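> Just need the structure, nothing else, for what follows:
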Amino acid sequence: MSNHFNFAIKSISLDENYHPANSTRITTNFANLARGDRRRENLRNALKMIDNNFNALAGWDNPNGDRYSVELEIVSVDMDIESGGQAFPSIEVLKTNIIDHKNNERIEGIVGNNFSSYVRDYDFSVLLLEHNKGRSNFSIPSGFGELHGNLFKCFINSDIYKQNFNKLPVICLSVSDNKIYTRTENQHPILGLEYLPNESSLTEQYFKKMGLQVRYFMPANSVAPLAFYFFGDLLSDYTNLELISTISTMGAFQKIYRPEIYNANAVAGKCYQPNLKNLDHSLTQIVYDREERSQLAIEQGKFAEEHFIKPYQTVLEQWSANYA
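Purely as a prediction, here's the structure:
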């Protein structure tokens with residue numbers, strides 16, 4: 001662990017009374033839902049959708065489909081550089097906890113799920129855009145994602161991570177609309193049908209620098225594959241209920257803000273290309289502002305540049321070059 005960085009973890013319940021903290025990236029799915037006149041209704045409906053998804057996938061010994069509910073915690077990670085007391089909000093993830101009402105038991109779920117990062121906003125919405133301004137061919141700046149990847153690995157390997165979480169994170173994202181996914185013969189009882197992409201995406205390469213591998217599965221009751229980013233062995237390292245907690249949580253969020261893909265009226269076939277212009281889809285009753293989300297990513301990227309990247313550029317570059 002580098003002596004340049006100290007991490008601090010805070011967590012808050014994501015329930016119908018949730019209000020986003022000032023340091024929360026507002027592009028985060030749950031923060032976007034938690035605003036406006038219908039904020040409480042939005043949150044209540046989203047959480048109900050997650051519980052329903054969970055019980056549908058955990059159908060054994062669950063005749064009425066109401067045995068389980070999912071509690072969510074928003075985990076915020078602040079990073080203090082050189083112990084100067086200047087904490088920067090570096091990462092935000094979701095932690096699932098499973099309530100088994102039959103056995104009156106609380107079971108720890110998975111940390112990760114959703115993934116938010118100011119530095120990622122900077123990389124994709126500031127650095128990448130500026131690098132490609134005026135270019136006829138899209139290209140990626142050298143060293144793209146390396147600092148972010150090293151910061152993430154540093155946190156995962158830190159004592160504070162190990163004290164707070166028993167297992168490594170799993171992050172679940174939507175598939176890329178410019179890739180083609182082909183269904184394989186591999187089927188997992190919980191994760192469902194595995195798909196393979198025709199080529200690697202920029203997101204895949206970015207997460208690889210964070211130390212994460214990716215596999216694509218379409219669970220039962222889903223209409224499109226999800227991208228699961230993980231360390232180790234996704235199929236062996238987690239229990240069925242842990243996996244279901246991630247699928248049910250992120251499947252619900254994807255339906256809300258990617259309805260063209262995840263709430264489509266037709267199920268992905270053997271060869272599947274996601275289409276964000278697909279009109280044959282249903283909308284949930286949950287209000288989500290996607291346009292604002294993309295505008296805010298740029299604002300938050302500039303915030304990271306101003307308060308983190310530029311003031312500490314020399315320290316960060318030296319640290320990242322030496323980090324292994």
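> Please count neighbours and contacts with C-alpha atoms only from this point.
OK.
> Just the CA atoms of stretch 197-217, as CSV, please.
What follows is stretch 197-217, C-alpha atoms only, in CSV (Å, rounded to 0.1, in the frame of the first residue of the first chain):
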residue,chain,number,x,y,z
PRO,A,197,-18.6,-10.6,-28.1
ASN,A,198,-17.1,-10.3,-31.6
GLU,A,199,-14.4,-8.0,-30.4
SER,A,200,-13.1,-6.2,-27.2
SER,A,201,-14.7,-2.9,-26.3
LEU,A,202,-13.1,0.2,-24.9
THR,A,203,-14.9,-0.4,-21.6
GLU,A,204,-13.5,-4.0,-21.5
GLN,A,205,-10.0,-2.7,-22.0
TYR,A,206,-10.5,0.1,-19.4
PHE,A,207,-11.8,-2.4,-16.8
LYS,A,208,-8.9,-4.8,-17.6
LYS,A,209,-6.5,-2.1,-16.4
MET,A,210,-8.5,-2.3,-13.1
GLY,A,211,-7.6,-6.0,-12.9
LEU,A,212,-11.1,-7.2,-14.0
GLN,A,213,-12.1,-9.9,-16.4
VAL,A,214,-15.5,-9.9,-18.1
ARG,A,215,-18.1,-12.5,-19.1
TYR,A,216,-21.5,-12.0,-20.6
PHE,A,217,-24.5,-13.9,-19.4
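> now the helices: where do they sit in the stretch 201-324 of the chain?
Here the stretch 201-324 of the chain has its helices, by DSSP state H, counting those that start in this stretch, at 202-208, 240-257, 259-262, 290-304, 313-322.
> Go through those and name the closest to residue 178.
Residue 178 lies closest to helix 202-208 among these, at 10.8 Å (Cα to Cα).
> how much space between the most centrally placed residue in the chain and residue 246?
Centroid-nearest residue in the chain, with Cα atoms, centre = their mean: residue 114, separated by 2.4 Å. Residue 114 is 9 Å from residue 246, where distance means Cα to Cα, to the nearest Å.
> Overlap in contacts, these two.
residue 172 (Cα atoms under 8 Å, 6 or more residues apart in numbering).
> What ranges in the stretch 201-324 of the chain fall below the confidence cut-off?
Under the criterion pLDDT under 70, the flagged ranges of the stretch 201-324 of the chain are 285-294, 324.
> try 80
283-296, 324 (pLDDT under 80).
> looking at it, residue 116 is touching residue 77, isn't it?
No: with contacts counted by Cα atoms under 8 Å, residue 116 stays clear of residue 77, the gap being 10.3 Å.
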